[in-house]
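Enquirer: The following comprises the amino acid sequence and a computationally predicted model.
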Amino acid sequence: NIEENLAQLRESNTYDSEKAFQLIQDLQERLDEFVSNEQKAQFYIQKSYFYILKSENQKAKRPLELLLQLPGVSEDTRLAAYSLLSQVFMSLNQYQDAFNHLFEALSIVPKISDEALQFNSYYAAANVFVELEAYDEALEYALKARDIALAMNDNPDQCYSKALIANIFLFQNSQHDHEDRLKEAIDFCKGLNLTVVDAYLYKNLALNYFNHEQLEQSELAYNTALKKSAETGYLPEILQMKLGLARIYLRKGELEKAKANIDEILQEPALQEAGMNRKEATELLAKYYEMNESYVEAYDALSMLAEIQDKMLTLQANKNLAYQKVKYAHLDQNAQIQILDHKNKLLELTHQVEEQSKRNFQLLSVIVLILLSGISLWLWRVKKQKERYQRLSQIDDLTNTLNRRYALKLAHEVHHESLINKSHYCVIIFDLDYFKTVNDKYGHAMGDWVLTKVSQCVKEQMRAVDVFGRLGGEEFIVVLPQCNSADAKKFIERCVKCFKDIEHAKLPDDFEITASFGVAAKTNGESLEELIIEADNAMYKAKRNGRNQIQIY
Ligand SMILES: Nc1nc2c(ncn2[C@@H]2O[C@H](COP(=O)(O)OP(=O)(O)OP(=O)(O)O)[C@@H](O)[C@H]2O)c(=O)[nH]1
């Protein structure tokens, strides 16, 4: 119901001001029934608009101020409020407020999506700039409004903006541009049935006739324009038509008719004190008295005219000053906002850079870690490889005992120690008996197995300082530091026992692992090589003597 009444109010505001007044009274009493602040805001807009049309600007101001205090009102509606308030303040000659609200409105415009409202705002702004005689700005915003109307494909709005553009050129005294644009507007608006624009166009037509002394046609056009303006109820335009008519009557010498029109204008309660319409009406009044030969009244009227002009000049000066002040305040504000924006961007960038370097650092750490692990792994592998090579170069693969070369090297060290400590040591060389038979009878793999087992046996009897190695084939060497031949003998006996105990699961029962041992002990200054030869000789002696025995050199 409220929504319906609001729609009716919107319509009546343009076509039926009495009905609009009734609706406003009614809705004002039912404010409690409104469902949202947005709905209330819509009502305030229409209420204010009603008073604006009646030029009752003080009354138009309050609803808009109430609206701007309401929380939760959409940007679109706030924009409309700022826009209207700006117009209201302008009419009240409160220019600084007017411009502040205008700039406020213009700063919201790009943020909203409602193109119709964008149009209205630019259109209203253009009108304010016209009022301010800032025609370049007026044209800028009128063109913006026209572009939006064009984009919306909205013919009435295109018509309004085209008419306004033509008007601006008139004010700018660009006669040529004005006529071109006027023609364009008339062509475009033809048939659209827009009362406001029709009134405006008729007024222009009337003015043209008047300038060409075609007074009858001019009067007719003004009357039509007046009728159209009366329909819209827009007072400043109505007064313009009445002024035009008064001018015609004076020219035609119909003085009383002229006077009636002039009086009507001057007695209009909403007539602005120091406005263009009062000025022109007073001018015509002076002319009327002059033509009537009432020179005293004419003089009074002229004095009044001078006063109005003075006031208008002061107002215009104030208006310009206020405009410049607000404009520069806003420029300053915008500059500061830009500086803040830059600062914010800078902070954001710094933050990004910090984040990036943090990420880079993390990445670097990971890379370093990976590299370090890689290097460590590589070093470990190299170490292992080295160890493996070292082992390979020192160990006999099959028996896992020292190989010949390394065993002899360690034997040399034992020899060297014995020289330093003046101690004894023994060299044992032993060779397995009839080993060829093992290979021949039971296969080479069995031979290998026997070699491994025999080595294990010897190792089990050894001390940590003893040296044991494979000289080749089935021949081995043992070096026992700090030992004499008796010790060596005992050692060999332990080995022999172990050979006997080697599990015979894989060998036939009658097969026995035996070896021939040769021992050489260092007693005097023998060299290692001499000892090895002596042990070898002893071992051969053991072979010759029937094997499976120990021979001490
Ligand atoms: N299975 C195996 N056999 C080997 C290895 N090295 C040498 N032999 C064999 O050992 C045998 C040595 O034979 P010989 O030198 O004739 O001596 P033997 O048969 O042990 O006889 P005596 O030494 O005189 O008691 C040869 O048949 C070699 O092939 C080895 O690593 N594994």
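Expert: That came through, no problem.

Enquirer: Could you use CA atoms for every contact and neighbour count after this?
Expert: Will do.

Enquirer: Residues contacting stretch 210-222, please?
Expert: Stretch 210-222 is contacted by residues 202-203, 205-209, 241-242, 244-245, 248, 252 when judged by CA atoms under 8 Å, 6 or more residues apart in numbering.

Enquirer: So which of the residues you listed are in helices?
Expert: In this view, the contacts of stretch 210-222 that belong to helices under DSSP state H are 202-203, 205-209, 241-242, 244-245, 248, 252.

Enquirer: Buried among these? Need that as a selection in ChimeraX.
Expert: Restricted to buried positions by 16 or more other CA atoms under 10 Å, the ChimeraX selection for the ones in helices among the contacts of stretch 210-222 reads:
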select :202,203,205,206,207,208,209,241,242,244,245,248
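
Enquirer: Let's have the ones in helices among the contacts of stretch 210-222 in a markdown table, adding pLDDT.
Expert: Below are the ones in helices among the contacts of stretch 210-222 laid out as a markdown table (pLDDT from 0 to 100):
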| residue | pLDDT |
| --- | --- |
| 202 | 87 |
| 203 | 88 |
| 205 | 83 |
| 206 | 90 |
| 207 | 87 |
| 208 | 82 |
| 209 | 88 |
| 241 | 93 |
| 242 | 95 |
| 244 | 96 |
| 245 | 96 |
| 248 | 96 |
| 252 | 94 |
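
Enquirer: closest point of the stretch 1-150 of the chain to the ligand, which residue?
Expert: Across the stretch 1-150 of the chain, the shortest distance to the ligand (CA to the nearest ligand atom) belongs to residue 111, at 95.5 Å.

Enquirer: What residues does that residue make contact with?
Expert: By CA under 8 Å, 6+ apart, residue 111 has no neighbours at all.

Enquirer: can you tell me how far it sits from residue 293?
Expert: According to CA to CA, to the nearest Å, residue 111 and residue 293 sit 61 Å apart.

Enquirer: Same question for residue 527.
Expert: Distance from residue 527 to residue 293, counting by CA to CA: 163 Å.

Enquirer: What of residue 475?
Expert: 161 Å.

Enquirer: Between those two, which is the more surrounded one?
Expert: residue 475 (18 against 11; other CA atoms under 10 Å).

Enquirer: out of the ones in helices among the contacts of stretch 210-222, who's near the ligand?
Expert: Among the ones in helices among the contacts of stretch 210-222, not one lies near the ligand by CA under 6 Å from any ligand atom.

Enquirer: right, and the pair among the ones in helices among the contacts of stretch 210-222 with maximum separation?
Expert: Using CA to CA, those reach their maximum pairwise distance at 202 and 252, which is 20.3 Å.

Enquirer: How about residue 98: what's its closest non-neighbour residue?
Expert: Closest residue in space to residue 98, ignoring its immediate chain neighbours: residue 86 at 4.2 Å, by CA to CA, 6 or more residues apart in numbering.

Enquirer: What is the neighbour count of that neighbour?
Expert: Residue 86 has 28 nearby residues by other CA under 10 Å.

Enquirer: Need the CA coordinates for the host helix or strand of it. CSV is fine.
Expert: Per DSSP states H and E, residue 86 falls inside helix 75-91. What follows is helix 75-91, C-alpha atoms only, in CSV (Å, rounded to 0.1, in the frame of the first residue of the first chain):
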residue,chain,number,x,y,z
GLU,A,75,24.2,4.7,-2.3
ASP,A,76,21.8,5.4,-5.1
THR,A,77,19.4,7.1,-2.8
ARG,A,78,22.1,9.0,-0.9
LEU,A,79,23.3,10.3,-4.2
ALA,A,80,19.8,11.5,-5.1
ALA,A,81,19.6,13.2,-1.8
TYR,A,82,23.0,14.9,-2.1
SER,A,83,22.1,16.0,-5.6
LEU,A,84,18.8,17.6,-4.6
LEU,A,85,20.2,19.2,-1.5
SER,A,86,22.8,20.8,-3.6
GLN,A,87,20.1,22.3,-5.8
VAL,A,88,18.2,23.4,-2.7
PHE,A,89,21.2,25.1,-1.1
MET,A,90,21.9,26.8,-4.3
SER,A,91,18.4,28.3,-4.4
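
Enquirer: right, and the helix or strand after that helix?
Expert: The helix or strand immediately downstream of helix 75-91 is helix 95-108, counting by DSSP H and E.

Enquirer: quick one, that following helix and helix 75-91 angle?
Expert: If you take axes from the mean of the first three to the mean of the last three CA atoms, to 10 degrees, helix 95-108 sits at 160 degrees to helix 75-91.

Enquirer: Could you list the residues in contact with helix 95-108?
Expert: Helix 95-108 is contacted from outside by 75, 79-80, 82-83, 85-90, 121-122, 125, 318-319, 322-323, 325-327, 330, using CA under 8 Å, 6+ apart.

Enquirer: out of those residues, which touch the ligand?
Expert: When CA under 6 Å from any ligand atom is applied, no member of the contacts of helix 95-108 is adjacent to the ligand.

Enquirer: outside of stretch 530-546, which residues touch it?
Expert: Outside stretch 530-546, the residues within contact range by CA under 8 Å, 6+ apart are 427-431, 433, 516-522, 548-553.

Enquirer: Any buried residues in that stretch, and which?
Expert: For stretch 530-546, by 16+ other CA under 10 Å, it's 531-543.

Enquirer: between the residues you listed, which is closest to residue 183?
Expert: Checking the buried residues of stretch 530-546 against residue 183 by CA to CA gives residue 532 as the nearest, at 133.0 Å.

Enquirer: any idea of the pLDDT on that closest one?
Expert: As summarised for this prediction, residue 532 has a pLDDT of 96.

Enquirer: likewise residue 508?
Expert: In this model, residue 508 is scored at 68, pLDDT.

Enquirer: how many neighbours does residue 467 have?
Expert: 23.

Enquirer: From residue 538, how far off is the residue of the chain most remote from its centre?
Expert: Each residue of the chain has a distance to the centre, and by CA atoms, centre = their mean the biggest one is for residue 545: 100.4 Å. Distance check for residue 545 against residue 538: by CA to CA, it reads 10 Å.

Enquirer: same question, residue 69
Expert: Here residue 69 is placed at a distance of 124 Å from residue 538 (CA to CA).

Enquirer: just residue 140 next, same as before
Expert: 125 Å.

Enquirer: ok, residues contacting the helix holding residue 86?
Expert: Contacting residues not belonging to helix 75-91 are listed as 38, 41-42, 45, 49, 52, 57-58, 60-61, 64, 67-68, 95, 97-102, 104-105, 108-109, 112, 114, 117, 121, 124-125, 128 [CA under 8 Å, 6+ apart].

Enquirer: for that helix, which positions count as buried?
Expert: 75-91.

Enquirer: Can you name the residue of the stretch 451-553 of the chain nearest to the ligand?
Expert: Closest point on the stretch 451-553 of the chain to the ligand, by CA to the nearest ligand atom, is residue 473, at 3.2 Å.

Enquirer: Residue 517: which element?
Expert: strand 515-521.

Enquirer: Centre of the chain to that strand, how far?
Expert: Centroid displacement of strand 515-521 relative to its chain, using CA atoms, centre = their mean, to the nearest Å, is 91 Å.

Enquirer: now stretch 244-257
Expert: In terms of CA atoms, centre = their mean, the centre of stretch 244-257 is set 69 Å apart from its chain centre.
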